[in-house]
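[1] Pasted the sequence and its predicted model underneath.
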Amino acid sequence: MNLRISGNHQLKTLPGLDTRPTSSRVRSAVFNIWQGNIENCSWLDLCAGSGAMSAEALQRGANVTCIEQSSRACALIGQNLQQIAKNQSFKVLRGDVVQRLKSLAGQQFDRIYFDPPYASNLYKPVLEEVASDKLLHPDGELAVEHSPNFELPQVMNLEICRQKIYGHTAVTFYCPSPSEKGNQ
């Protein structure tokens with residue numbers, strides 16, 4: 001199966017429902033919200049799935065790190081990003097997202113996109129890990145894709161700065177809390 005992103009690039013995706021690519025409507029909306037903040041930014045894609053969000057970010061000039069548990073998806077993401085990368089760097093890390101986040105401690109990302117399986121129990125541990133390891137740059141934002149019926153957990157050091165709903169998909173944006181901006 002193929003997926004088209006802006007710039008008329010086609011991405012390969014895994015067959016079946018193992019990965020759920022972010023819809024083009026949601027991808028466009030997120031990049032419209034973040035326009036002007038992608039070029040040269042450090043981008044972290046959590047539960048990267050098809051890698052569509054990372055491919056869009058890479059095409060817009062970001063340096064990308066993806067975390068995905070599926071080895072098949074990681075191989076496909078690597079192939080897709082290789083065809084798009086110009087001078088930017090990208091890494092595809094395979095493994096459990098919480099454990100992989102721990103390995104990134106000490107790094108900071110300008111934009112983080114988190115799109116886990118909606119029924120997973122990953123929301124709270126991932127948000128807590130991002131906050132505790134200060135992975136989000138003080139001026140950065142974290143976007144979390146989820147069902148509109150799901151209430152995301154409150155996490156210390158992160159605050160919700162906006163939320164958008166697109167049909168059956170909600171995207172909640174977190175920013176570092178004001179007290180955290182002063183501590184970093």
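    Yep, it's here.
[2] Pick out the residue nearest the middle of this structure.
    With distances taken as CA atoms, centre = their mean, the chain has Tyr113 as the residue nearest its mean C-alpha position (2.0 Å).
[3] Helix, strand, or coil at that residue?
    Taken by DSSP: H, G, I helix; E, B strand; the rest coil, the conformation at Tyr113 corresponds to strand.
[4] and if you look at Arg72?
    helix.
[5] Count the residues that sit near it.
    As a burial measure, the neighbour count of Arg72 was computed by other CB atoms under 10 Å and equals 11. From N, CA and C alone the C-beta is placed, and that goes for glycine too.
[6] who are the neighbours in contact with the residue nearest to the centre of the chain?
    Contacts were defined as CB atoms under 8 Å, 6 or more residues apart in numbering; by that measure Tyr113 touches Val30, Trp43, Leu44, Asp45, Leu46, Met53, Ser54, Ala57, Leu142, Ala143, Glu145.
[7] same deal with Gly106?
    Under the criterion of CB under 8 Å, 6+ apart, the neighbours of Gly106 are Asp133.
[8] What of Glu129?
    By CB under 8 Å, 6+ apart, the contact list for Glu129 reads Val98, Leu101, Lys102, Leu135.
[9] any weak-confidence spans in the protein?
    Confidence mapping of the chain against pLDDT under 70 gives the ranges 1-21, 180-184.
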